[in-house]
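Asks: Starting from these lines, generate the structure:
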Amino acid sequence: MKKQTEQAEREAARRRSYGKWCRLMRQARGWTQEGLARRADVSLSTVVKCERGRHYPQPLQRAAIEAAFGAAPEAR
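Replies: The predicted structure is shown next:
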């Protein structure tokens, strides 16, 4: 049970960290959430949930978001 809780906490921290990174990158460019979704060709819901730390995007979605920013995954 403890191991599952620790894993869930790590996943939640990963989602929050990625969401914060996305929000900071988007805001630094002066983009709206809709603008990021359009540039990355992902749904607005994906961007919103990501930034709130409720969703960690799938690999193709992450690649599209990071490409929209012109950032490599290592840049996070």
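Asks: ok, P57 - contacts?
Replies: For P57, the residues meeting the contact criterion (C-beta atoms under 8 Å, 6 or more residues apart in numbering) are Y18, V42, T46, C50, I65. Heads up, the C-betas are built off the backbone N, CA and C, glycines and all.
Asks: Among the residues you listed, which lie within helices?
Replies: In helices, defined here by DSSP state H, the members of those are Y18, T46, C50, I65.
Asks: List just the nearest of these to K2.
Replies: Y18 (24.9 Å; C-beta to C-beta).
Asks: Determine the three-state secondary structure at W31.
Replies: Each residue gets one of three states, and W31 gets coil by DSSP: H, G, I helix; E, B strand; the rest coil.
Asks: Any idea how many residues pack against it?
Replies: Using other C-beta atoms under 10 Å, W31 has 17 neighbouring residues.
Asks: didn't it look like it was pressed against R39?
Replies: Yes. Contact status for W31 versus R39: in contact at 7.4 Å, counting by C-beta atoms under 8 Å.
Asks: What lies in contact with stretch 35-52?
Replies: 15, 18-20, 22-23, 26, 31, 33-34, 55-57, 61, 64-65, 67-68.
Asks: rewinding a little: top of the contacts of P57 by number of neighbours, please.
Replies: Neighbour counts for the contacts of P57 peak at C50, which has 27 neighbours (criterion: other C-beta under 10 Å).
Asks: which of the contacts of stretch 35-52 are buried?
Replies: Among those, those buried by neighbour count (16 or more other C-beta atoms under 10 Å) are 15, 18-19, 22-23, 26, 31, 33, 55-57, 61, 64-65, 68.
Asks: tell me the contacts of W31?
Replies: For W31, the residues meeting the contact criterion (C-beta under 8 Å, 6+ apart) are R39.
Asks: What score does W21 have for pLDDT?
Replies: Reported pLDDT at W21 in the predicted model: 95.
Asks: between the contacts of P57, which is closest to E11?
Replies: The shortest gap between E11 and any of the contacts of P57 belongs to Y18, at 10.8 Å (C-beta to C-beta).
Asks: Tell me who's in contact with the spatially closest residue to the closest one that is not a sequence neighbour.
Replies: Spatial nearest neighbour of Y18, chain neighbours left out: Y56 (5.9 Å); criterion: C-beta to C-beta, 6 or more residues apart in numbering. When the contact criterion is C-beta under 8 Å, 6+ apart, the partners of Y56 are E11, R14, R15, Y18, C50.
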